[in-house]
Every structure is written in structure tokens, then in C-alpha cells.
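Student: sequence first, predicted model second:
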Amino acid sequence: MSTLIPHGACLEWQPELIWINVVSDAMVALALFATAFLLGYFVWRRQRDMQLMFRAAFWGYATFAALCGISRLLSILLLWAPAYGIEAATKGVLAPVAAAIATGLLLMLPRMLMMPTHVQLQRAYSALEEEMRQRRSAEAMVKRFQEIEATEAQVRQAQRMEAIGQLTGGVAHDFNNILTVITGSIEILADAVKHRRDLVPITELISAAAARGADLTQHLLAFARRQPLQPRATDVNAMVIDVARLLRPTLGEPIEIESMLAHDAAPALIDPSQLSTALLNLALNARDAMPNGGKLTLETKNVVLDENYAAMNREVRPGDYVMVAVSDTGHGIPQNLLEKVFEPFFTTKQVGKGSGLGLSMVYGFVKQSNGHIKIYSEEGHGTTVKLYLPQAVGVPVAPAAETGLLGGEHGDESILIVEDDALVRDYVVTQIKRFGYHTLAASNSAEALAIIDGPERIDLLYTDVIIPGGMNGRQLAIEAVKRRPGLRVLYTSGYTENAIVHHGRLDPGVLLLPKPYLSSDLARMIRTALAP
């Protein structure tokens, strides 16, 4: 029989001491069990985020808290039952667990001391935010630099094109004077030798060469934006249909032509003859890009170029446009050549296969019409050229005006010819005399004004736009009309500049005969100018 006595006997079974021990041990045991549960639950929920060492430490501490809670319950049991053996066994397990936990915490202490504090975490987070802000600022700066670089590239390209335009315009002016003489002289020569079969082919060859030269100068003037346009409200759908009808026999059977015309396409404020020539040039370029056949697509559509698009393309004015697109399924254009395709005489074709003026003419016509041109191309997949033409707002669509005058009509009026180029002046005087008119000639504005102030009869002033003597042709005409009210004026030029053409358009009431011209054109325009 055991001689051990319950712990309550040691307290002389005094109720107040018994219940103080029971309540206090029970509360401590409950707190320890709650601690063990909470630690275990925490580790179970966050085990994927915790290192193995910390998970082991938490589980060990939870076990230690549970064993301590059991020892507190045993203290209550020992008040009435002498179960000291069970208490000893519990303490035997609790002791090594406590030692292991203490050892583990000691080993973990250096790493725990290295863990960042709340203040350190805040500082690190602030530093990270500052780094992200600086990175965003740097990215914005890089983007800004890229935009500036792109803008500068556009400005350099525009300046380059403008410089080339001024050069080509000047060349075209002088070349047109020469062609005027050649064209008119070959007409006279052809008429004189029309009965000589051996000489007729030669005159025809010279005439064809002169016509080709005139075509080249017209392309140069178009690129230089120095051609006088006569814009009017034009039905672009009708223009595309007419061009497509013309192209079918020209492009041949291997090339399919498809038209995608918007039924609500607005009229465009353009020179219709120049648009027709531009579409023809684009179609011929597309044909050359499809030597084995393919598909040519002509498309029209109303578009709006907004402020955002204008910001990326500095030369664009925001507003409503009519888009005319020409697409092909040819071999495409390499990316490194896209910026050069609008330059005059630039071509990738073989020698003798093209002059390189087709796209430059289109470019000049669109720019002079206050429009916008964009080219998209991918090697092996084809090319699309989009012309954005300004819409005609409040302008009625009207057909081209017909003069109804024949080139063969002559008269006996007196004409003052002002031309600084001696060859051209002599040719014009000869031609006008052939028509039956009386002629007076001057080489500059000063000589012309002296003749105007004289007694000679003058019915028509026929003047070049660009003349020496302190006045251009328009200024001379204004002064001449002041001195001789009712005097008729006819201009001619191979390079108009801004004397009678503003914003690419002839001034109202102005008659212009572009160089070079045929004698029949000269006779017709003189009769038009002298018509009542």
C-alpha cells in the first residue's frame, strides 16, 4: 500500500487554499492549450510562406505549451490523488522539449537578429517606391527622346524634300523655256517637210522626245509643288471608275482590278486631272511590282484625321478627308527604302525601265492639294499607298469647263510680249505673227512699261510670270492695267512661284498658259484672253 498522500493533505484540506490552486491551475492550463492551438493553426496556415527552421520552432513551442498545460491539469489531480508517477513522467518529457526549444532559440538568435524590423521594412519599401518612380521617370524621358528624335527625323525629311523641290522647280523652269522653243520649232519644221517622207519620221522622233521632256518637267513641277492647280469639288468614285476602265487594257489580263468604293464618299477639293494622273502613276508602279500578275485594289472612304494623328504627323491638318487607296499584292518595298520612294529620280527599276518621277509627282500633287500621303509596305506581301484628300465643303460638284474655242481662230489685235529669254521671245513673236496679230516685244518689266506708256495700240499683255526689271509678271500686269484700263492679260510660265498661284491654286480670273505648249494651245489661249 502506497504511503504517498494527496497534495490536498499538505494544504490541510482548507477549502480556500484548495480552490485557489484549482482555479489558478485550470486558468493557466487553458491559456497554455490556447497558445498551443494558436501556434499550430498559424503554422498550418502559413507553412508555405515560412522557412523550415521557423516552422519547426513554432511546432516545438506549441508542443511545449501543450505539455505545460497537461502538467497544470496534473497539479489539480494531485490535490486529491497521489498520482506523482504520472506527474514525474510528464515532467520527464517536458524537460527535454524545453531544452530543445531553448537550444533551438539560441541557434536561431543570430538569424532572428538579422530579420528586418518594421522601420527597416518601411525604409526598404520607400526606397523601392523611389526606385520605381525614377524608373518610370526614366522611361518617360526615353519615350520623350524617341518622340523628339522621330519629330526631328520628320523635320529633316521635310527640309530635304523641300530643298529637292526648290532645285527641281528651278531646273524645270529653265528646261521648260528650252522645250517651248523646241516644241514650237518642230511644229513649224514638221509642217514644212510634211511632203518629205524621209524627213517626217525624224520630225516625229524629235516631237516625241520633246513631249517626253515636257512630261518630265510636269512631274518635276508636281513634286516641287509649283504646278498651278485648278481644284474643284470632284466625285472621287467617278474618277476611280474612269481610271479603272482605262487601266484594264493597260495592265493586262494577269492583273485583277477590284474597286471598293464607299457609297457615301464625299467630294474632294482637288484638280481632277492631277488625281487621274496620280492614280495612273500608282497603278503603273503596282503593275511593275507584280510581274507575274496579281491583284490591284482601288478603295475610297471618308476618314477623319484627328489631333492625335496630327501630333504624330506634323504636316497633317486635323479634319475630314476622302481617302483614296491603291493596293497591290506585289513584292513590296524594303523598309530602308520607304523614306526615299517619294524623291525624284529615285527608282529601284533597271536602267531604262522608269524615271523615278511617278511617286514624286503623286507626293507633290497631294501636298499641294493640302492633303496627306502615307505608304505601307511589307516585303513579299505588297504595298498600299493612301491619299488623304481634303473634302469639298459647300462646293458644288461641277464638270470641267469647256472653252468652245478653236485653236485656228485668228485676229488682228496688237499683243505686247514680255519674255526675258531671247530664244523663247523670238519664237513667241514668230508664232503670234503667224496667227495674224501685231506684236510688240520687251525683255523686262521696265521695257514693257515704256512701251505701255507709248502711243502703240495694245490689246493683250502676254507676259512670263518670272521676269527681270524689278517686277514680276503679276506686278507688271497690275501696273499696266492701271495705265491702260481694260487691257487683257495672259500669263505664261514654266515655274509659277507665288505670283499668280497661292496655296497651289490659280488666283481668280487669271489665265495661264504653262510652258511648254503647242502653237495650237497658244492660239486658243490668246483667243480666250481676247474674248469679250
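Tutor: Now that the structure is in, tell me what you want to look at. Numbers count the residues shown, from 1 in each chain.

Student: so which strand or helix has residue 388?
Tutor: Using DSSP states H and E, residue 388 sits in strand 382-390.

Student: ditto for residue 21
Tutor: In the assignment (DSSP H and E), residue 21 maps to helix 15-45.

Student: same for that helix, what does it pack against?
Tutor: Counting contacts by 3 or more Cβ pairs under 8 Å, 6 or more residues apart in numbering; DSSP states H and E, helix 15-45 packs against helix 52-77. For the C-beta atoms, the positions are set from N, CA and C on the backbone; glycine is no exception.

Student: what average pLDDT does the helix it packs on get?
Tutor: Mean pLDDT, helix 52-77: 82.

Student: cool, stretch 137-154 as well?
Tutor: Mean per-residue pLDDT for stretch 137-154: 78.

Student: and what of stretch 101-110?
Tutor: Taken as a whole, stretch 101-110 has a mean pLDDT of 77.

Student: ok, stretch 372-388 next?
Tutor: Mean predicted confidence for stretch 372-388 is 87.

Student: roughly how far out does it sit from the chain middle?
Tutor: Put simply, stretch 372-388 sits 11 Å off its chain's centre (Cα atoms, centre = their mean, to the nearest Å).

Student: what helix or strand is residue 436 located in?
Tutor: Assigned by DSSP H and E, residue 436 falls outside every helix and strand.

Student: my read is that it contacts residue 412, right?
Tutor: Yes: using Cβ atoms under 8 Å, residue 436 is in contact with residue 412, at 6.0 Å.

Student: rewinding a little: please name every helix or strand in contact with the strand holding residue 388.
Tutor: strand 268-270, helix 272-289, strand 294-305, strand 319-328, helix 358-368, strand 372-378.

Student: who has more neighbours out of residue 436 and residue 412?
Tutor: For residue 436 versus residue 412, the count of surrounding residues by other Cβ atoms under 10 Å is larger for residue 436: 12 against 9.

Student: phi and psi next, for that one.
Tutor: Note on residue 436: backbone dihedrals following degrees, to the nearest 10 are phi 100, psi 10.

Student: any low-confidence regions in the stretch 251-400 of the chain?
Tutor: Scanning the stretch 251-400 of the chain for pLDDT under 70 picks out 343-358, 394-400.

Student: I'd like the mean pLDDT over stretch 119-128, please.
Tutor: pLDDT averaged over stretch 119-128 gives 84.

Student: which residues are contacting it?
Tutor: Contacts with stretch 119-128, where a contact means Cβ atoms under 8 Å, 6 or more residues apart in numbering, come from residue 116.

Student: adjacent strands (with direction) for the strand holding residue 388?
Tutor: Strand 382-390 sits in its sheet next to strand 319-328 (antiparallel), strand 372-378 (antiparallel), going by DSSP bridges.

Student: this structure: strands as residue ranges?
Tutor: Counting by DSSP state E, the chain has strands at residues 232-234, 255-260, 268-270, 294-305, 319-328, 372-378, 382-390, 414-418, 438-442, 460-464, 488-493, 501-502, 505-506, 512-514.

Student: mind checking which of the helices and strands packed on strand 382-390 is nearest residue 446?
Tutor: Checking these against residue 446 by Cβ to Cβ gives helix 358-368 as the closest, at 32.7 Å.

Student: from the contact counts, what lies against that closest one?
Tutor: Where contact means 3+ Cβ pairs under 8 Å, 6+ apart, helix 358-368 is packed against helix 200-224, helix 272-289, strand 372-378, strand 382-390.

Student: closest to residue 102 out of the strands of the chain?
Tutor: strand 372-378 (74.2 Å).

Student: buried ones in that closest one?
Tutor: For strand 372-378, a neighbour-count test (16 or more other Cβ atoms under 10 Å) marks 372, 373, 375, 377 as buried.

Student: what residues are bridge-paired with the closest residue to the third one other than its chain neighbours?
Tutor: Here the nearest residue to residue 375 in space, its sequence neighbours aside, is residue 385; by Cβ to Cβ, 6 or more residues apart in numbering that works out to 5.0 Å. Each beta-bridge partner of residue 385 is listed here, defined by DSSP bridges: residue 326, residue 375.

Student: residue 385 touches residue 366, doesn't it?
Tutor: No: with contact defined as Cβ under 8 Å, residue 385 does not count as touching residue 366 (9.8 Å).

Student: what touches both of those two?
Tutor: Contacts common to residue 385 and residue 366, judged by Cβ under 8 Å, 6+ apart, are residue 373.

Student: which residue is nearest the centroid of the chain?
Tutor: residue 313 (5.0 Å; Cα atoms, centre = their mean).

Student: kindly format the C-alpha coordinates of stretch 512-528 as CSV.
Tutor: Extracted in CSV, the C-alpha atoms of stretch 512-528 (Å, rounded to 0.1, in the frame of the first residue of the first chain):
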residue,chain,number,x,y,z
LEU,A,512,-2.2,80.9,-117.5
LEU,A,513,-0.6,79.0,-120.4
PRO,A,514,2.0,76.6,-118.9
LYS,A,515,5.3,76.0,-120.7
PRO,A,516,6.0,74.2,-122.9
TYR,A,517,3.0,74.5,-125.2
LEU,A,518,1.9,73.8,-128.8
SER,A,519,1.1,76.6,-131.2
SER,A,520,-2.5,75.5,-131.2
ASP,A,521,-2.6,75.9,-127.4
LEU,A,522,-1.1,79.4,-127.7
ALA,A,523,-3.6,80.4,-130.4
ARG,A,524,-6.5,79.1,-128.3
MET,A,525,-5.4,80.9,-125.1
ILE,A,526,-4.9,84.2,-126.9
ARG,A,527,-8.5,84.0,-128.3
THR,A,528,-9.7,83.1,-124.8
